[in-house]
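[1] just coords:
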């Protein structure tokens, strides 16, 4: 009885702590198009992000060059459907990372810097490449990402990875794709960072100029509309200094999961913006890094806001 009462209480506590399903945020339905565009323009909001990424891309290039055993492994028919696999040790857990860029920019190569601290910690890392808009639709991007996880499922023994400890994480649009691929049975936990969980506000925005989202895609590929695997822990992170719409998306999705009594939790990191939250992922003192290490080691935890 006590456990059942506690489970019923969890969604109410979340709402009391964080506001009623995003009610404390501006309502995007009432924004003019310019305001809505700016509410998702992370690079405009963080002018130093370009310099930060330039530094990371240099690090990524160096890391790939020094770990070239399993690069550009094809998993699907299109030219971008490739994986980089960085092996740390036999029987190690595997972190699968899906990069961001609003489904239309960047590549797995740019994000190899993320693998460096995890490989050093004895974690295998798989970086997922996927086709980008406008050459690919949202339907094709999601399907490719799902093929990538299926490849990991069928080939993890190729690098002697532990099939019982596979965690998927992704940042920004990669956070969205993390939620779209986590139904695969090999996934033991999901850790989306600063993700997009409802595609509807993007329709007609500057982001949609290359995506051309259909109403069917909005409905089918918005994680807010999905029911996740019941036993799967989902750990949601967002920066406290991010744009209001980015924060609202994470709050709303976390509230939905809390109402479903989903294991895992939600954490807003104070003063972290859309880019410094990614820095937290590679900082051994960072909360995201420490959470990922524990989850990859098979430990059960609950995030406390």
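    Sure, I can see it. From a predicted model like this one, the values you see are computed outputs, not experimental measurements. Residues are numbered from 1 along each chain as shown.

[2] can you show me the strands along the chain?
    Under the criterion DSSP state E, the chain contains strands at 70-74, 82-86, 94-98, 124-128, 166-171, 189-193, 234-239, 264-269.

[3] what sits closest to residue 142 if chain neighbours are left out?
    Nearest non-adjacent residue to residue 142, counting by Cβ to Cβ, 6 or more residues apart in numbering: residue 180, 5.0 Å away. For every residue, glycine as well, the C-beta is placed using N, CA and C.

[4] contacts only, for that neighbour.
    By Cβ atoms under 8 Å, 6 or more residues apart in numbering, residue 180 lies in contact with 142, 145-146, 221, 223.

[5] filter the residues you listed down to the ones in helices?
    Among these, the members falling in helices (DSSP state H) are 142, 145-146.

[6] residue 116: which of those is nearest?
    residue 145 (22.9 Å; Cβ to Cβ).

[7] relative to residue 95, how far out is that closest one?
    15 Å (Cβ to Cβ, to the nearest Å).

[8] do the same with residue 233
    14 Å.

[9] same check on residue 112?
    According to Cβ to Cβ, residue 112 stands 13 Å off from residue 95.

[10] kindly report the same for residue 163.
    Applying Cβ to Cβ to residue 163 and residue 95 gives a distance of 14 Å.

[11] could you do residue 89 as well?
    For residue 89 relative to residue 95 (Cβ to Cβ), the value is 13 Å.

[12] joint contacts of these two?
    Common neighbours of residue 89 and residue 95, counting by Cβ under 8 Å, 6+ apart, are residue 124.

[13] more neighbours: which of those two?
    residue 95 (27 against 14; other Cβ atoms under 10 Å).

[14] residue contacts, residue 276?
    Counted by Cβ under 8 Å, 6+ apart, residue 276 has contacts 239, 241.

[15] any idea how far residue 200 is from it?
    Per Cβ to Cβ, residue 276 is found 28 Å from residue 200.

[16] next: residue 80.
    Counting by Cβ to Cβ, the separation of residue 80 from residue 200 is 26 Å.

[17] swap in residue 250?
    Counting by Cβ to Cβ - residue 250 and residue 200 are separated by 16 Å.

[18] okay, these two: which has more neighbours?
    For the pair residue 250 and residue 200, the greater number of neighbours falls to residue 250 (26 against 15), based on other Cβ under 10 Å.
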